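Asks: Pasting the sequence and the predicted coordinates here, then a few questions.
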Protein chains: 2
Amino acid sequence: MSRPRFTPLVQSLPSTVPFVGPETQERAMGRAFKARLGANESVFGPSPAVQAAMQAALPDIWMYADPTHLALREALSARHDVPVENIVVGEGIDGLLGLLVRVLVSDGTPVVTSRGAYPTFNYHVTSFGGRLVQVPYRDDHEDPDALVAAAHSEGAPLVYIANPDNPMGSWHGAEVIEGMLDALPEGCVLCLDEAYMEFAPDGTEPRIDPEDDRVIRMRTFSKAQGMAGARVGYAIGSRRMIEAFGKVKNHFSMTRLSLVGAEAAARDATWIPHVRREVVAARARIAAIAEANGLTALPSATNFVAVDCGRDGDFAKAVLSALIERGVFVRMPFAEPENRCIRVSAGTPEMLDVLEAVLPEALAEARAAR
Amino acid sequence: MSRPRFTPLVQSLPSTVPFVGPETQERAMGRAFKARLGANESVFGPSPAVQAAMQAALPDIWMYADPTHLALREALSARHDVPVENIVVGEGIDGLLGLLVRVLVSDGTPVVTSRGAYPTFNYHVTSFGGRLVQVPYRDDHEDPDALVAAAHSEGAPLVYIANPDNPMGSWHGAEVIEGMLDALPEGCVLCLDEAYMEFAPDGTEPRIDPEDDRVIRMRTFSKAQGMAGARVGYAIGSRRMIEAFGKVKNHFSMTRLSLVGAEAAARDATWIPHVRREVVAARARIAAIAEANGLTALPSATNFVAVDCGRDGDFAKAVLSALIERGVFVRMPFAEPENRCIRVSAGTPEMLDVLEAVLPEALAEARAAR
């Protein structure tokens, strides 16, 4: 049989995915999770204004959406005080990371990130032929100095950092990120993933000129806005960068309902303060549950908490597996020594009741197995 | 200022988009179109079952969708009697075309299509560094013999054909497409765009083994299913091809609502026959309006009609502009001699009333200008 002539790059790629969804685990187990605390979704949902806007737009889905996404970009422009020309909308940060990598990375291009940071970024770098350079975390934080040093030594055109960080929940103050920009090598772009910024303390968000070519900021409606299933992310970057995205992206990738919903979210000033209060309470509850079981919750500027299980990665993995068996969907960091933790998303009180009920058993099972 | 180090390919690309949306035209004119007949959307909308399913899923949008899209793929598997392993879902055919090009095309790869065929395919080929080889239409049909001959002479790994064709509405019988597969060079993949297949006469749909590596079929919920704004397309291809897509695609690109809506559509056997009847009536009405104005409607196996304006491309363009000024959104073919036509989508009776009312003035204006 005649075989397709895949590119050498595609032939060289493994068949991996960055994340296995909880639905796949549920099918394997033959039952649904009782507490969905693994993907840092917002269990507090989208705002009523978002749902109303999307419902009203349902009869219009026979029409393609405006491929310029202008209405949403205008709402974001007003929210961030940034010109619309500096904003691009995409299918979540995941989609925008793919575009960013595509315009900067080709065969063998070195790209710097932290070992154990967001795997979907790595997936895109590898699948566009780039060469990943990974530096360790330092004290459970991504290490700006090490990232910048690697960018210099490797001559990298692209460096990734998430602030606040996923999976550890740690963060750097605005001045640290601003300092990184000044320290980067000439022509290097910082991909600043701010997916969790809405949960961070005051003083975390750096002051950045939107025309600054040294950085592109990634934001999302998936976390604080409770719209993960609507797939809306956006990036703020220089016009030069936004125009480069426009040369290669699928201009008709966004759904009409998601754009309408995101616009309503961007114009609703009340929802994020509400969600933030719920998340603060949930983080405190997770920390209390951890402490009651002899574990340590790490400080978090996100909608999840990294819980230090106090031993090595194998032990944390055993705890994770025991929680999953008991109907609690959680995930954990990939790299040592961060993988001594499990990562628990801010849940509803009912979901955290389940966690509280099963964590002692899960720990006992994990301890007995070692 | 430090400039991003874009890849040489990206630096070489022009800032063009395949289509300008009607919303951009509306903003430029300062008023809305009265009849939206330019993008081959289905004015007859999505089925009530689709809207009900999406409405019921609205509160769930805080959750990411299942990245395997299994529920929708199972519904499509049942509909087409094809294993789920041979089906991949994406953000419209546009998104899937981008993936197909990505896995087969790199710098300088020759890719064969028809001059004036779907521009988004060309956009993807160019933006992945491919070299477009374009053969002319023949008697308002894409020319299978010329496409196959060019694939041989150029050593192309990829050939595009739409059946039925956009923008002409013409079609080939199943046996012509089946014959193309046998005539293609070794290792060449036919991209068979069947976006409009639901509107075609019996005998148009080829019999293809889903494991046939020589072809990938593209289908969509944007046309007959009335869900253009939900961005759901799918491809049927060999497991080898589907696995290649999985190595590079954004696994979290699809929205929860769109997947739920498409699943409801795929399981609803009643809607497409209804839409088909409406489209047959609308095509006849467009033909009657054309004839009453001394123009000729071409036969159509789609939800639009190419109307031959009887002179050259400049004249058709003048008619098009005069229609747009009068609130009728229409488009036209890009290449000679097909650009003697304008392309009118099947509209509601009210929309076609507008067309009927303004076409005589538009023609008079175009004739006066020449």
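Replies: Everything's here; your move. Residues are numbered from 1 along each chain as shown, chains lettered A, B, ... in the order given.
Asks: For burial, what's the neighbour tally of the nearest residue to residue A:130 once chain neighbours are set aside?
Replies: Once flanking residues are discounted, residue A:130 sits nearest to residue A:105: 4.0 Å by Cβ to Cβ, 6 or more residues apart in numbering or on different chains. Just so you know, the C-beta spots here come from the backbone N, C-alpha and C atoms, and that holds for glycine as well. Residue A:105 has 24 neighbouring residues, counting by other Cβ atoms under 10 Å in any protein chain shown.
Asks: State the distance from residue A:105 to residue A:99.
Replies: 11 Å (Cβ to Cβ, to the nearest Å).
Asks: Check residue A:223 too.
Replies: Residue A:223 sits 20 Å away from residue A:99, going by Cβ to Cβ.
Asks: Look at the two and report which has more neighbours.
Replies: For residue A:223 and residue A:99, the more surrounded residue by other Cβ under 10 Å is residue A:223, and the numbers stand at 28 against 24.
Asks: A strand includes the more buried one, no?
Replies: No: counting by DSSP: H, G, I helix; E, B strand; the rest coil, residue A:223 is not found in a strand; it is coil.
Asks: Might you report the residue contacts of whichever residue of the stretch 101-250 of chain A sits closest to chain B?
Replies: In the stretch 101-250 of chain A, the residue found nearest to chain B is residue A:229; the distance is 3.2 Å by Cβ to the nearest Cβ. Applying Cβ atoms under 8 Å, 6 or more residues apart in numbering or on different chains to residue A:229 gives the contacts B:60, B:61, B:62, B:63, B:64, B:65, B:255, B:256, B:257.
Asks: Under a three-state scheme, what state does the fourth one occupy?
Replies: What it means is residue B:63. coil.
Asks: who's in contact with it?
Replies: So residue B:63 contacts A:36, A:39, A:41, A:228, A:229, B:256 (Cβ under 8 Å, 6+ apart).
Asks: Neighbours of the second one, how many?
Replies: If I follow you right, that is residue A:39. Counted with other Cβ under 10 Å, residue A:39 comes out at 19.
Asks: Check whether the longest helix seen in chain A comes near chain B.
Replies: Secondary structure assigned by DSSP state H gives helix A:271-292 as the longest helix of chain A. No: Helix A:271-292 does not reach chain B (Cβ under 8 Å from any Cβ of the partner chain); its nearest approach is 10.3 Å.
Asks: just stretch A:24-38 next, same as before
Replies: Yes: remark: stretch A:24-38 sits within contact range of chain B at A:24, A:27, A:36, by Cβ under 8 Å from any Cβ.
Asks: Give me the mean pLDDT for that stretch.
Replies: The pLDDT scores in stretch A:24-38 average 96.
Asks: roughly how far out does it sit from the chain middle?
Replies: Offset of stretch A:24-38 from its chain centre (Cα atoms, centre = their mean, to the nearest Å): 21 Å.
Asks: all helices for the stretch 251-370 of chain A, in order.
Replies: A:256-266, A:271-292, A:313-325, A:349-368 (DSSP state H, counting those that start in this stretch).
Asks: Mind listing what's buried along the third one?
Replies: The reference is to helix A:313-325. Under the neighbour-count criterion of 16 or more other Cβ atoms under 10 Å in any protein chain shown, helix A:313-325 has A:313, A:315, A:316, A:317, A:318, A:319, A:320, A:322, A:323, A:324 buried.
Asks: quick one: contacts for the closest residue in space to the fifth one that isn't next to it in sequence?
Replies: Nearest-residue entry for residue A:318: residue A:366, 3.7 Å, with adjacent residues in sequence omitted and distances by Cβ to Cβ, 6+ apart. Shown here is residue A:366, whose contacts under the criterion Cβ under 8 Å, 6+ apart are A:309, A:315, A:318, A:319, A:321, A:322.
Asks: Around the first one, count how many other residues there are.
Replies: Translated: residue A:309. Counted by other Cβ under 10 Å, the residues lying close to residue A:309 total 25.
Asks: Show the pLDDT at it.
Replies: 98.
Asks: list the contacts for the closest residue to it other than its chain neighbours?
Replies: Leaving aside its chain neighbours, residue A:309 sits nearest to residue A:316 (4.4 Å; criterion: Cβ to Cβ, 6+ apart). Residues in contact with residue A:316 (Cβ under 8 Å, 6+ apart) are A:309, A:332, A:339, A:340, A:341, A:342.
Asks: so how far is residue A:30 from the nearest residue to residue A:70 once chain neighbours are set aside?
Replies: The shortest distance from residue A:70 to any non-neighbouring residue, by Cβ to Cβ, 6+ apart, is to residue A:84 (6.9 Å). Going from residue A:84 to residue A:30 by Cβ to Cβ gives 49 Å.
Asks: All the strands of chain A, residue numbers only.
Replies: Using DSSP state E, the strands found in chain A span residues A:35-36, A:87-90, A:110-114, A:131-135, A:158-162, A:189-193, A:215-220, A:233-236, A:296-297, A:304-308, A:328-329, A:341-345.
Asks: Mean neighbour count added to the ones you listed, as CSV?
Replies: Conversion of the strands of chain A to CSV gives the following (neighbours: other Cβ atoms under 10 Å in any protein chain shown):
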stretch, mean neighbour count
strand A:35-36, 23
strand A:87-90, 25
strand A:110-114, 25
strand A:131-135, 17
strand A:158-162, 26
strand A:189-193, 26
strand A:215-220, 26
strand A:233-236, 24
strand A:296-297, 18
strand A:304-308, 26
strand A:328-329, 24
strand A:341-345, 28
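Asks: what about those strands, which gets the closest to residue B:357?
Replies: Residue B:357 lies closest to strand A:87-90 among these, at 37.4 Å (Cβ to Cβ).
Asks: ok, residue A:31 - contacts?
Replies: residue A:327.
Asks: more crowded one of residue A:84 and residue A:30?
Replies: residue A:84 (17 against 6).
Asks: tell me the pLDDT at that one?
Replies: Note for residue A:84: predicted pLDDT of 98.
Asks: do residue A:1 as well
Replies: At residue A:1, the pLDDT recorded in the model is 55.
Asks: Would you state the helices of the stretch 101-250 of chain A in chain order?
Replies: A:119-127, A:144-154, A:174-183, A:239-248.
Asks: quick one on the thing from earlier: could you identify which of the helices of the stretch 251-370 of chain A is most buried?
Replies: Greatest average neighbour count among the helices of the stretch 251-370 of chain A goes to helix A:256-266 (a mean of 26), per mean count of other Cβ atoms under 10 Å in any protein chain shown.
Asks: so what secondary structure elements neighbour it?
Replies: helix A:48-57, helix A:70-80, helix B:256-266 (3 or more Cβ pairs under 8 Å, 6 or more residues apart in numbering or on different chains; DSSP states H and E).
Asks: Dump those helices to a markdown table, plus distance to residue B:215 and mean pLDDT.
Replies: What follows is those, written out as a markdown table (distance: least, Cβ to Cβ, whole Å; pLDDT from 0 to 100):
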| stretch | distance to residue B:215 | mean pLDDT |
| --- | --- | --- |
| helix A:48-57 | 37 | 98 |
| helix A:70-80 | 38 | 98 |
| helix B:256-266 | 21 | 98 |
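Asks: With distance to residue B:250 as new columns, can those helices be given to me in CSV?
Replies: Converted to CSV, those look like this (distance: least, Cβ to Cβ, whole Å):
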stretch, distance to residue B:250
helix A:48-57, 22
helix A:70-80, 19
helix B:256-266, 14
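Asks: could you list every residue that touches the residue nearest to residue A:39 when sequence neighbours are not counted?
Replies: Using Cβ to Cβ, 6+ apart and skipping the chain neighbours, the partner closest in space to residue A:39 is residue B:64 (5.8 Å). With contacts defined as Cβ under 8 Å, 6+ apart, the neighbours of residue B:64 are A:21, A:39, A:41, A:222, A:228, A:229, B:252, B:256.
Asks: interface residues of the stretch 201-350 of chain A facing chain B?
Replies: Checking the stretch 201-350 of chain A against chain B by Cβ under 8 Å from any Cβ, the hits are A:212-214, A:222, A:226-231, A:238, A:240-241, A:243-244, A:246-248, A:250-258, A:261.
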